[in-house]
Structures are given as structure tokens and as C-alpha cells.
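Chemist: Okay, structure incoming, though there's no sequence with it:
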């Protein structure tokens with residue numbers, strides 16, 4: 001079937017280690033609206049091109065511009081994905097699909113681009129602080145991995161800054177966290193923040209609690225781990241109050257998450273706000289509301305009062321990265 005060109009549409013992609021979302025978007029007033037979105041398993045695909053090809057087999061339309069937010073560093077239009085064996089190339093995608101314009105950006109950069117475009121009801125505020133207009137924003141997003149990005153405010157607009165800060169050193173903040181660091185150091189060597197603040201990071205915390213004798217693992221949970229994603233199993237058991245060990249693991253995860261977010265706020269002077277994105281924060285919103293996160297966020301000694309003035313918000317729209325990628329595609333010329 002011959003593809004018809006629709007100049008209103010752009011192709012946007014959110015490429016993660018677990019899943020890849022592709023969507024066709026068009027601009028309506030100041031908002032980017034999806035015409036269609038499809039979700040694909042990333043590990044089951046040989047490369048991103050295979051997924052794009054499958055998408056257009058389902059939706060045979062031709063577009064001129066495309067942008068893909070990819071979970072990994074992007075240099076000179078190429079990204080070697082962090083949690084997938086893929087090499088994603090702007091030039092290769094452009095040639096294969098005859099796009100006029102293609103841009104690959106970090107997936108957190110895409111999400112950051114969406115923040116100014118989202119409505120107020122697409123956020124949940126964890127504190128009562130108000131954003132100061134014209135100041136920098138930060139985004140931290142735990143999911144399969146840990147992504148970090150910034151929006152720097154210059155000359156009346158926000159400029160996205162990519163980052164691989166999730167792979168910076170994990171800095172323990174207590175004796176207990178120091179022991180966790182030692183456990184992970186024996187296993188991995190370098191202990192990045194992502195080894196603790198991510199889906200696999202939650203599992204690492206739980207395993208350390210179990211292996212150090214701090215918690216006992218019930219048989220029903222051990223059995224569940226065999227047939228179910230361990231991070232999800234731990235989260236569900238903790239939020240439902242079914243297992244005290246899972247509660248301890250999630251509490252520690254949230255505390256470290258809050259501390260890392262507070263460090264980010266200090267590093268970038270994000271008086272415009274710190275935004276929590278990725279797949280995990282909306283799923284543990286009830287835990288984030290308890291205060292563990294915000295206590296760790298502001299627990300920075302002499303800068304406690306300063307950090308209490310910085311708004312912290314959870315992004316509730318799970319398509320934010322696609323919206324940001326759509327915006328990026330629309331700007332390509």
C-alpha cells in the first residue's frame with residue numbers, strides 16, 4: 001500500500017529498555033495531540049528500525065519529521081542504548097524511511113521538553129512550594145534505569161540539557177546506606193545511583209536487606225519472584241502492607257531517591273522545580289506522599305530551609321516523553 005503524506009503529522013518515539021512507544025502527533029493550539037500510539041517490546045526487537053517498520057505497517061502514513069527519545073547518551077546523532085544492544089543512528093533511520101528530518105535525543109531530554117507543555121492537572125505536588133518563573137527546572141526519572149535532565153532558562157525560553165547523571169557515584173548518607181554500598185561494590189565494582197534508584201535498584205536494596213539478615217523472605221513472595229517481575233512484586237507487597245521486608249526496601253528506596261533529587265536541586269539551583277518522571281513515581285505516589293521522600297530531599301544541613309522552598313512535582317502523564325519528542329520533531333527544519 002502506498003503511504004500518503006500528511007504534513008500535519010510528526011512521528012514521536014520514546015525508546016526504553018523495556019518498551020518502545022511510537023506515536024503520530026499533530027499540534028492543536030499550544031498542545032501536541034496524539035492521533036495514534038503503539039507500544040512495542042524493546043527486547044524482542046532487533047533494532048529501532050524494525051519497530052518503526054512494524055508501526056508503519058499498522059499505520060501506513062508518510063511523515064516528513066521524526067524525533068526519538070532514546071534511553072542512552074546521544075553523540076553526533078548516534079546513540080548506543082544503555083539497556084539494549086542497539087545502535088540508533090539518525091542518518092540510517094532517515095535513509096531507510098525517507099524522512100526529511102530526524103532527530104535522536106536522550107529520552108529524559110524529551111520528557112523535560114514536555115514539562116512546560118503539560119497542564120497543571122498532569123502533575124501532583126509533593127510540597128506547597130511555588131515555582132519561580134524564569135528559573136531552572138530539573139527532572140529525575142527512575143524506571144528500568146535512572147534518567148536525569150535539566151531545563152535551563154535563558155532569554156525567555158527553556159533549553160533542555162541532557163545528562164547521564166544516573167551513572168554518577170551513589171553517595172551513602174547513613175551507616176546503613178554505607179553497608180548497602182559495600183554490598184553493591186562487591187557485586188558490581190562501581191556503584192552508580194542507578195544501581196539503587198531504579199527498578200533493579202529496588203531489587204538490589206531488597207536483596208541486601210535479605211542477605212544481611214535484616215529481613216526474612218516469606219515463601220509466598222519467593223514463589224512470586226519466580227513468575228513475576230521482582231521489582232513489581234516488592235512494590236505491590238509494600239504498598240499493600242503484605243510484607244514488612246518489602247516495606248523496608250521501598251522506604252529505603254524512596255529515602256535515597258529523595259536525597260538524590262535534593263542533590264540535583266542544589267547542583268542546578270532549580271528554583272523552578274524538581275520534577276519526578278519515569279515509570280516508578282506515579283506507581284508509588286501513595287508512598288511518596290508519606291513524607292519520607294521530602295524529608296530526605298530537604299535534609300541538607302544549612303540548606304534545609306532553602307530546599308523547602310523548591311517545588312517538587314510528580315509527572316502523571318505517562319506519555320510526556322512522546323509529547324516532548326513530538327515538540328522536538330515539529331521544530332525540525
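Modeler: Alright, I've got the coordinates. Values in this document were obtained by computation on a predicted structure and should not be read as measured data. Numbering: from 1, shown residues only.

Chemist: residues contacting the residue lying closest to residue 165 once chain neighbours are set aside?
Modeler: Distances taken as CB to CB, 6 or more residues apart in numbering place residue 148 nearest to residue 165, at 3.7 Å, with adjacent residues excluded. Every C-beta, even on glycine, is put in place using the N, C-alpha and C of the backbone. Residue 148 is in contact with 108, 138, 139, 140, 141, 163, 164, 165, 166, 264, counting by CB atoms under 8 Å, 6 or more residues apart in numbering.

Chemist: Now do stretch 217-226, average pLDDT.
Modeler: What stretch 217-226 shows for mean pLDDT is 94.

Chemist: Can you point out the buried residues in it?
Modeler: Using 16 or more other CB atoms under 10 Å as the test for burial, stretch 217-226 gives 221, 224.

Chemist: How about stretch 61-70?
Modeler: Buried residues in stretch 61-70 (16+ other CB under 10 Å): 62, 63, 64, 65, 66, 67, 68, 69, 70.

Chemist: Inside strands: which ones of the residues you listed?
Modeler: Residues of these located in strands (DSSP state E): 62, 65, 66, 67, 68, 69, 70.

Chemist: partners of the third one in the sheet?
Modeler: Legend: beta-bridge partners of residue 66 under DSSP bridges are residue 11, residue 102.

Chemist: Pull the contacting residues for it.
Modeler: 10, 11, 12, 13, 93, 97, 99, 101, 102, 103, 329.

Chemist: the domain parsing of the protein - what is it?
Modeler: 4-114+319-330, 120-316 (automatic domain parsing).

Chemist: burial count for residue 43?
Modeler: 11 (other CB atoms under 10 Å).

Chemist: Checking my notes, it in a strand, right?
Modeler: No: using DSSP: H, G, I helix; E, B strand; the rest coil, the assignment for residue 43 is coil, not a strand.

Chemist: I'd guessed it sits against residue 18; true?
Modeler: Yes: Residue 43 lies in contact with residue 18 (CB atoms under 8 Å); the separation is 7.4 Å.

Chemist: Tabulate the buried residues of stretch 61-70 in CSV, adding columns for distance to residue 279.
Modeler: Output for the buried residues of stretch 61-70, formatted as CSV (distance: CB to CB, whole Å):
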residue, distance to residue 279
62, 31
63, 27
64, 31
65, 27
66, 23
67, 20
68, 18
69, 14
70, 16
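
Chemist: Which of these sits closest to residue 274?
Modeler: Lowest distance from residue 274 to those (CB to CB) belongs to residue 69, with 19.7 Å.
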